[in-house]
Each structure stands twice: as structure tokens, then as C-alpha cells.
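> Predicted coordinates and the sequence they were generated for:
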Amino acid sequence: MAVTKFKKASLVVLGEKEEAVVSVLQDLACCEIMPEPTDTRTHDWAKCIKSADEALADIRSALRFLEPYYSEVSGKLERLLGEKPTVTVEELENLSNSIDLASLSSSVKKIERRMLDIRTLLSKLDSNEEILIKLRQFPYSLAIISSGTVRISSIVGTLPVAYLERFQGLVAELLASDGELFVAPFTPKETDVTVVLMYDKKKADEVAEICEKVPFTKLDFPPELEGTPEEELSKIERNRTELAKESENLERNAAKLASEWVPTLRNLLDYYSVIRTRYETLVNASRTEKVSVIKFWVPEPAVGKLKEKLSKFGEELELIIEDPSDDDEPPTLLENPRWALPFEPLTRLYGAPKYGEIDPTVPMAPFMFLFFGMCLGDGGYGVLIAFAITYLLSKYKIVGDTKNFLHLLLLGALSTIAVGALTGSWMGDMIDAFPFLALLKPLKDRLVVLNPMSDPITFLGISLALGVVQILFGLSIAFWDSLRKKDYMAAFGDNGGWISLLIGLLLLGGVKSGFLGGAAGLLGKILSILGAAVLVATQGREKTGLFRRLLSGVLSLYNITSYLGDILSYSRLLALGLATSAIAMIVNTLTNLVLSIPFVGWILSIVIFVGGHLFSVVVNTLGAFIHSLRLQYVEFFSKFYSGGGRIFQPLEYRTRYVKIVGSKPLGQQSK
Amino acid sequence: MEVLGIMLAVLGAALAAGLAGSGSAIGVGIAGEAGAGIMTEDPGKFGLVLLLQALPGTQGIYGLLTAFFAILKVGLLGGEAIEVSVWQGLGVFFACLPIAIAGYYSGIAQGKTSAACIQLIAKRPEETGKAVILPAMVETYAVLALLMSIILLNSIKF
């Protein structure tokens, strides 16, 4: 239940052995390095990082280009579920020595650049074609526009149709026989018209004047268009086919490169990432001329293994292990029994415990398990989920948090089946709704203890009672934790006061409503008065002055409303359970309704039954998960847990594509 | 007179499904707009965004649920016809109001929270757990309203 203890380790090692030592640490994956703030820029290791970075950049850009052309060997789902192919240390080392990364990268870059060029050329052809289509009727060779003649110059541009007449008038007026205007044909729908104005070079000023008087937009005419429009158009068509063929060739090459190199590049990417992490550790060590000092956190249970692995270096290093001081902030490593592992991600989701704080995973697990079952509360859905997850788990090799999460859902499904059996809910009222299932009815009825549909108040009582149990449990953990830290004031004042008051009030309530006998009433009175007195006396103990202390003590009793709110919040267990059964019941009712439609009724009813229940199981599972989680986070954790710790991040082989296996540490690269 | 009773119950059901559904529609819409904005930057977030967008959708389901419950109660969904007095009909009508009202407003509020949380996961994808819990805080009140509606409906005797 508690968080693993950590030791602070300092490793003093001879300079020439430091990489070998760090590679052993990385292989062990149990040391979190504490970086030392030193000036590292000029160091040898910084150069190694730089060269690793260059390799990584090459690999990443090659992968980014090649991956779209690569057809994955393993399924997408499998990769999504966290399955990684394994690679041995030797394979990786051979790979990095044998491959000529620079030439591969340059050939990839060449293809990429040419493809980009082709794309630019194609879009250029497109825009030229657009202009040419406008000028299809142009009577002269286009050279007159693109290069002009000794005497004649031209401009191309567009202007709104409404100004065309004015433009023509201006041309006639100012240029007369020194200019010729070509107007491209336009449809009534178009708002702009393309014009070509050819003029004597002497008249350039007048042309400028004309263009200023109307909203004329000059087009940059592509200088390579020299022939007649039709000639140019067919030339464009030819160019386009050529480029398309070339681009096809390039794509084929890229696909070939991809199928050949993508797996290798992925391995290399992981390899260089691992190496880079190692260099980073080395560059951050503090050092003298002869020795380097590497400081790191190591979990107490791993110290023995660490010493054993480092023993082969003999006198070349010295390992100093000490306890963390009060100023240190060691990382957090959660350590839980196997059965609670599926719940661990939930703790991390909220925020890891601080070093020395209680790990809430184990206390939370049984409640989460039960609450999920109550919120979903349908045996049929439980079976569905259990089957789906068992299938996934048996089909794919799932690792890490995904696996934990699936296990969590599987546990939840089991709890759901149990709750469903006890409340008689199997796909809602399916067994009662369909006559052909009547055979199962006696079996179902024998298991039923309580039907929340017909007796919701009892179920509500159970939900609230569970809430009381969990909240008191949370307060007890806080009580115990304060005792452990020897903070007796907090233990007896804050937590003990509330526990006593709440239990007392509950006993009184029990007597009032006739569940409990008279003796309990007296005990209830004593406990609640005691609790209230303790709270009034201790709350606000940091305040000065008797009156202010007393006032904040009395005001603290007002917090009883927040406990009331917390407990009432557990009524969602009933509400969500009812919602599941009711939605399932509606699906069954609709199925029965459409069954009476002649001829197609049975098809429709199958569609409604399958679709409706699938929808229901997805929506209700989401709701059940979120709401039972909320009860843990908001109602339970708030009593004893704050989180805000830092998860232990050891120096290890952190990879993206492959899993590195092998008995010896990944070898040295530099020097 | 018994027709009026049934019609009051139907009005209640209509309000429960209609108002709670509207609240969800607005909420899901708000969250969806935010989600589309995020996905222009990073289409890979589709799964997470969809999850958060779906959260304000539950009010509509609760409303629908209550509506079905109400008309089932007065025998409109098959089964034998039931005599419904005006008072009983009025009771069903009132019983539908909690989820109708709370469903409408909480759906919108949850949509806004979801939209904000979508922004949160855009910047810090590692905080998805917290981003899912915040909208669920809003939903509490829809759940409580649903609970009240169902308990009230259940307690009306025919």
C-alpha cells in the first residue's frame, strides 16, 4: 500500500569506463538519473549527442516520407494495442554498423525533392492552361505577349465585365490605331473578363493611364508561352503525361525503398534514441579530469541487483548509497499486488502519490470493482464485455497500460455479471420479454435477491450505505496515515472528530427510523457530542485568540453538509444501474413491437435488438466507468489523498517500434 | 376525463425527451465545434475528441428513458389499456419535470465543460483522465434528476 522506498546513489567512475557503466545502468532500467547543472556544451559527449541527433533527423525524415508507401506487416490494431516486434542487442549493433545511412537518406531526399518539383511543375501547367483556355481565340502567336516585338508591347489582365465598354472606349480614344484590344469570350455568368492590350511602345504612358481609370488587374504572363494557344495547349498535355509517368516511376521507387528499408529504419530510430539517452546521461554527469560522478535514484529492492551488476568493474568505480534527505524529492514507484495492478493506471491518471504518501490503489480497487458492477448492473452486458475482452486478450499480445485497462474492464464485467444475476437483469428484461426464453425464467428468478425496478428505495439504501462505508474508510485511512506520521492533532482532531460525529449521527438516525435499539441511541448521542466537541475544540487551531478559534471551530461543523453531499452522490449507483436496465428494457419492448409487422418484422426486430443492445452496452459502459471513477476521485480520494508526485522514470531502453531483448547491454558507440 | 390524464402523461414524456434531448444536442454541438477546431491541427486526436464530445449526450438518453418509462406507465406501449385519472396523469407530468429541466441546462453546461476539456487535451494529451472527469462532474446533476424522475414515476400508483 505504501510507495517503494528510494535510495540516493552516487557513482564515481573512471573516465574511460563511464560509458560502459552507464550502458549497464540503462540495461538494468532501475536508475533515474539526477542531472547535474554543469557546463556541458564543449564536452565530448555533447558532440556524440549532436551526431546522434543528426542520424535521428535523417531517419525521421526518411521515415516520414517512406511510411505512407509502406504496407504494414502486422495489423494496425496490433500495433495500436502495443505489440512490438523484438530485436536482439546483437542484431541492432550489426544493423547500425552495416547500414550506410547517409546514402540511403540522400536517395530518399532525391526522390522527395523531385516529387515536390513535379508537383510545382504540374500546378504551373494548370495555371498556364487556365490562361490559355481564355486566350484560345487569340489570333496571333503568344510570343507577342510574352516577349513582344521591337515596336510592340502587350499586357494581359482582367477587369469587371461592367467596365469593359468604358475600357474599350478609352482604348479607342487614347490609343486609336496605335493599339489593338483582344477581348476573350465570356459567358453572362462570369463577372470578370480577360483582355489583351497590344500597343506601340511609345504609348506606354497612355496605357498606364487607361489601366488606372478602370479596375484592371494585370496578370503576369508566363514567358515560356510562345506559340499559338492551340500549340501551347497540346504541349501542356504532353508535358503532363510525361510528368505523370515520371511521378509514377518515383512512387514505385519509393514503395520499393519503403518495403526494403522501413523496418530497418524503425529499428535504427529506436537504436539511436536509446544511444542518445545514454549520451545525455553522460553529458550531465559532473566530472573531474580523471573521474565522473553520476547521481541517481534507485528503488531500495533493486540496490542488490545493481551492486551485483556493477561488481565486474571492481576497483574502477565506487558506489555510494545513502538515504534521501528531507529536502530531496525522490520519484514515486507504485508497487502493488498483482490483483490490484489493473487499477494502478487509475491512480496514475489522478496523479501519482508523493514520495512517502499512501498509494490509494489497493484501498480503491474493491470499491471500483463493485461500483462499476452496480452502475452497469446487467448480466448480459457483463457477459458480452467479458467475451469481447477475452477474445482481444487471446488474439493479440497486449502489453502495458492497454493490458491493465482491459483487465480492469474484465474485472468490471465479472462484477457486472454478479450484480446482474442478483438483480435479475439479463439484457434488461429479455428473459421475461420473449416467450421463447421462458425456460430460463426459473433459473433467473432463483438468483434474484432484489429487483431495483420494483424496489428502488432498498437499492438506494444500499448505494448510500456503501457511500457511508467508503467515506468512513477514507477517513480511517487518513487517521491511520496521520498516526503514522505522528501528527496526533490531525489524527484525532480532524479525522477522529469527523469519524466519531458521523458514526454518532448515523446511529441516532438508525434509532429514529427504528432500525436500531435504545442502547445504540445512547452510544450515538455520546459519539456525536464527543465528535462535535473535538471538532469545535481543534478546528482553527492555527488561529490566534480564543474567540476566533471557537468561531472557526463551530463554523467547521458546517462541513457536515459536504459529507451529506458526498454520501448522496452515491445515489448514482442506483440511477445508472436503473438506466442500464431501463434502456435494455426499451430495446426489448421495441423489438417486440416491430415483431408484429408482417413479413419484415423479424428482420427489423433483429436489427433493433442487436443495434440497440450494442449501443446500450457502449453508452452504459462509458457511463459506468466514468461515474464509478468519479466516486473514487472526488468522494474517496479527497478524504486522504493529494497526489502530485512524480512517476519514476528510469534510464532504460525507451523505444517506439521494437522491443530490445538480449542478455548483454547494448554496446558502446563512441570512442 | 381519462383522455386528459393520458395526455398529461404524454406531455410529460414529450418534455422529458424533448428538453433533455435539446440540452444534449446543444451540448454535443458546442463540444463538437471545439473538437473540429482541434482536429484541424491534429487529426490523430479524433478518438479522444469523440469521447469528450459524446459525454454531454447522456442527458438526451436519460430524457428518452424517462419518456419511455412514463408512457409505459400509462399503458401506451402495448399491454392492457389502463385507466388514468387526471390526477395520476398530472403526477406523471410532474415526475418528468426534473430530468426535463436539469437535462436541458446540464446538457448545455456539460457541453461547455467538454469543449474546454477538449482544449485541455489539445495542449496536454497526458491529462486525458482529468479532462474526462470534469464534464462528469456536471453530469452528476442530470443523474440525480433522472433518479428523482424515476423514483417519482415509480411511486405513482395506478
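Looks like it came in fine. Numbers count the residues shown, from 1 in each chain, chains lettered A, B, ... in the order given.
> where does the chain dip in pLDDT?
Unless you meant another one, I'm taking chain A. Within chain A, the segments meeting pLDDT under 70 span A:1-2, A:37-43, A:73-83, A:518, A:662-671.
> The chain in question should be chain B.
For chain B, residues meeting the criterion pLDDT under 70 lie at B:1-2, B:77-81.
> So out of everything in it, what residue is nearest chain A?
residue B:129 (3.1 Å; Cβ to the nearest Cβ). (C-beta placed from N, C-alpha, C; glycine too.)
> Give me the packing partners of the helix or strand where that residue lies, helices and strands only.
For residue B:129, the enclosing helix or strand under DSSP states H and E is helix B:128-155. Packing partners of helix B:128-155 (3 or more Cβ pairs under 8 Å, 6 or more residues apart in numbering or on different chains; DSSP states H and E): helix A:344-350, helix A:456-484, helix A:572-595, helix A:601-630, helix B:46-54, helix B:58-73, helix B:86-123.
> Looking at these, spot the one closest to residue A:537.
helix A:456-484 (16.7 Å; Cβ to Cβ).
> Out of the helices and strands packed on helix B:128-155, which one sits most buried?
Comparing these by mean neighbour count (mean count of other Cβ atoms under 10 Å in any protein chain shown), helix B:58-73 comes out on top with a mean of 26.
> and the lengthiest helix in chain B, what other elements does it pack with?
Secondary structure of chain B per DSSP state H: the longest helix is helix B:2-41. On a contact count with 3+ Cβ pairs under 8 Å, 6+ apart, helix B:2-41 meets helix B:46-54, helix B:58-73, helix B:86-123.
> got the angle between that helix and helix B:128-155?
Counting by axes from the mean of the first three to the mean of the last three Cα atoms, to 10 degrees, helix B:2-41 lies at 180 degrees to helix B:128-155.
> Pull out the buried residues from helix B:2-41.
Judged by neighbour count using 16 or more other Cβ atoms under 10 Å in any protein chain shown, the buried positions of helix B:2-41 are B:5-6, B:8-28, B:30-32, B:34-35, B:38-39.
> same thing with stretch A:345-365?
A:345-355, A:357-365.
> overlap between these and the residues near chain B?
Filtering the buried residues of stretch A:345-365 for proximity to chain B by Cβ under 8 Å from any Cβ of the partner chain leaves A:346, A:349-350.
> Including distance to residue A:225, could those residues go into TSV?
Listed next are these as TSV, based on distance: Cβ to Cβ, whole Å:
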residue	distance to residue A:225
A:346	68
A:349	63
A:350	67
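> ok, of these, which one's closest to residue A:211?
Among those, and counting by Cβ to Cβ, the member closest to residue A:211 is residue A:349, at 66.7 Å.
> Surely residue A:429 touches residue A:582?
No - look at residue A:429 against residue A:582 with Cβ atoms under 8 Å: they stay out of range, at 9.6 Å.
> So what does residue A:219 have for phi and psi?
The phi/psi pair for residue A:219 (degrees, to the nearest 10) reads phi -100, psi 140.
> Tell me which residue is most central in chain B.
residue B:59 (1.5 Å; Cα atoms, centre = their mean).
> residues in contact with it?
B:20-21, B:23-24, B:27, B:99, B:103-104, B:106-107, B:110, B:139, B:142 (Cβ atoms under 8 Å, 6 or more residues apart in numbering or on different chains).
> for chain A, what's the longest helix?
Every helix in chain A considered (DSSP H), the longest is helix A:229-283.
> elements contacting that helix?
Against helix A:229-283 (3+ Cβ pairs under 8 Å, 6+ apart) you get helix A:18-28, helix A:44-66, helix A:89-98, helix A:101-134.
> Tabulate these (TSV), appending mean neighbour count and distance to chain B.
Output for these, formatted as TSV (neighbours: other Cβ atoms under 10 Å in any protein chain shown; distance: least, Cβ to the nearest Cβ, whole Å):
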stretch	mean neighbour count	distance to chain B
helix A:18-28	21	24
helix A:44-66	17	14
helix A:89-98	15	28
helix A:101-134	15	22
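> which stretch among those comes nearest residue A:488?
Among the helices and strands packed on helix A:229-283, the nearest to residue A:488 by Cβ to Cβ is helix A:18-28 (41.7 Å).
> Paired strands for the next helix-or-strand element following that closest one, with orientation please.
Counting by DSSP H and E, the next helix or strand C-terminal to helix A:18-28 is strand A:32-33. Using DSSP bridges, the strands paired with strand A:32-33 are strand A:291-299 (antiparallel).
> quick one, which of the helices and strands packed on helix B:2-41 is nearest to residue A:44?
Nearest to residue A:44 among the helices and strands packed on helix B:2-41 is helix B:86-123; the distance by Cβ to Cβ comes to 37.4 Å.
> give the contact list for residue A:464.
A:567-568, A:570-571.
> typo on my end, it should be residue A:101
A:55, A:58-59, A:268.
> Including distance to residue B:134, could those residues go into JSON lines?
Shown next, in JSON lines, are the contacts of residue A:101 (distance: Cβ to Cβ, whole Å):
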{"residue": "A:55", "distance to residue B:134": "42"}
{"residue": "A:58", "distance to residue B:134": "42"}
{"residue": "A:59", "distance to residue B:134": "39"}
{"residue": "A:268", "distance to residue B:134": "42"}
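> Most widely separated two among the residues you listed?
The two members of the contacts of residue A:101 with the most space between them (Cβ to Cβ) are A:58 and A:268, at 9.4 Å.
> Take stretch B:66-84, keep the C-alpha atoms, and write them as CSV.
C-alpha atoms of stretch B:66-84 as CSV (Å, rounded to 0.1, in the frame of the first residue of the first chain):
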residue,chain,number,x,y,z
THR,B,66,-37.9,8.8,-18.6
ALA,B,67,-40.2,9.4,-21.5
PHE,B,68,-40.4,5.7,-22.3
PHE,B,69,-40.9,4.9,-18.6
ALA,B,70,-43.8,7.4,-18.5
ILE,B,71,-45.7,6.2,-21.5
LEU,B,72,-45.0,2.6,-20.4
LYS,B,73,-46.6,3.5,-17.1
VAL,B,74,-49.8,4.7,-18.7
GLY,B,75,-50.0,1.7,-21.0
LEU,B,76,-49.3,3.4,-24.3
LEU,B,77,-46.6,0.9,-25.3
GLY,B,78,-48.7,-2.2,-25.8
GLY,B,79,-50.2,-4.2,-23.0
GLU,B,80,-53.6,-3.6,-21.5
ALA,B,81,-55.2,-0.2,-21.5
ILE,B,82,-55.0,1.5,-18.1
GLU,B,83,-57.5,3.9,-16.6
VAL,B,84,-55.5,7.1,-15.9
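> Tell me if I am right that residue A:226 is in a strand.
No - looking at residue A:226 with DSSP: H, G, I helix; E, B strand; the rest coil, it is coil, so not inside a strand.
> thought it was touching residue A:145?
No - using Cβ under 8 Å, residue A:226 makes no contact with residue A:145, being 9.4 Å away.
> So which of the two has more stuff around it?
residue A:145 (26 against 16; other Cβ atoms under 10 Å in any protein chain shown).
> and that one, what element?
helix A:143-146.
> how distant is the next helix or strand after that helix from the center of its chain?
Counting by DSSP H and E, the next helix or strand C-terminal to helix A:143-146 is strand A:152-160. Distance of strand A:152-160 from its chain centroid, counting by Cα atoms, centre = their mean, to the nearest Å, is 56 Å.
> same deal with stretch A:568-583?
Per Cα atoms, centre = their mean, the centroid offset for stretch A:568-583 relative to its chain is 29 Å.
> Then stretch A:645-658?
The chain centre lies 16 Å from the centre of stretch A:645-658; the measure is Cα atoms, centre = their mean.
> which outside residues touch that stretch?
Here stretch A:645-658 has contacts from A:3, A:22, A:25-27, A:29-33, A:84-87, A:266-267, A:269-270, A:273-274, A:277-278, A:281, A:296-297, A:299, A:329, A:331-333, A:348, A:351-355, A:357, A:660, A:666, using Cβ under 8 Å, 6+ apart.
> ChimeraX command to pick out the buried ones of those?
A single ChimeraX command selects the buried members of those (16+ other Cβ under 10 Å):
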select /A:3,22,25,26,27,30,31,32,33,84,87,266,267,269,270,273,274,277,278,281,296,297,299,331,332,333,348,351,352,353,354,355,357,660,666
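> Thank you, goodbye.
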